[in-house]
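A.B. asks: pasting the sequence and the predicted coordinates here, then a few questions.
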Amino acid sequence: CGAFLPQQPTLSDMTDYELNFSLKIEEMLSRISDPAYRCLVVEIFELINVLLKRNPELRFTQTLDADYLISEAVKLYQQQTNSIDPFKDFYHLPMQLVDGSTGYMVRVLSTIYLMQIRKKLIILV
């Protein structure tokens, strides 16, 4: 989507329940012209939210790029399905863990988080 929402001052000035925060997110999403892609961006935001709420000890140390995360999920989908038009096919997957867009995105988020942990372990050794 090409939009960037900086962590600071966004999180220090607003709570996730504030109208201004919602408007900021809505403004960013409104720049995405393709409704299917907009839904995928919302889905990845929801997954990150659930992941962090269920695991408050988790922290992402790098910027999370929704475009990158979705493209990695599409690559994973293509590798497993040999789809001829992976982006179109991925956009039409149901939002579910098994054989759906959610499952592919969760795997991408897990991989990124595990890579961060490995980097920390390498630095500590």
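C.D. replies: Structure's in. What do you need? These figures come from a predicted structure and were not determined experimentally.
A.B. asks: what about stretch 99-115, distance to the chain center?
C.D. replies: When distances are taken as C-alpha atoms, centre = their mean, to the nearest Å, stretch 99-115 is centred 9 Å away from the chain's centroid.
A.B. asks: contact partners of it?
C.D. replies: The contact list for stretch 99-115 (C-beta atoms under 8 Å, 6 or more residues apart in numbering) reads 40, 43-44, 47-48, 51, 58, 60, 64, 69-70, 72-74, 76-77, 90, 93-97. Yep, even glycine has a C-beta here, placed from its N, CA and C like the rest.
A.B. asks: make it 10 Å
C.D. replies: With contacts defined as C-beta atoms under 10 Å, 6 or more residues apart in numbering, stretch 99-115 is touched by 39-40, 43-44, 46-48, 50-51, 55, 58-62, 64, 66, 68-78, 80-81, 90-97.
A.B. asks: would you map out the domains in the chain?
C.D. replies: 1-31, 35-124 (automatic domain parsing).
A.B. asks: those domains: lowest mean pLDDT?
C.D. replies: Among those, domain 1-31 carries the lowest mean pLDDT, a mean of 73.
A.B. asks: show me the helices in this structure, by range?
C.D. replies: 7-13, 19-30, 35-54, 66-81, 86-91, 101-124 (DSSP state H).
A.B. asks: and residue 93, what does it touch?
C.D. replies: Residue 93 is in contact with 40, 73-74, 77, 81, 99-104, counting by C-beta under 10 Å, 6+ apart.
A.B. asks: any quick PyMOL command for the buried ones out of the contacts of stretch 99-115?
C.D. replies: Applied in PyMOL, the following selects the buried portion of the contacts of stretch 99-115 according to 16 or more other C-beta atoms under 10 Å:
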select buried, resi 40+43+44+47+48+66+69+70+72+73+74+76+77+78+90+91+93
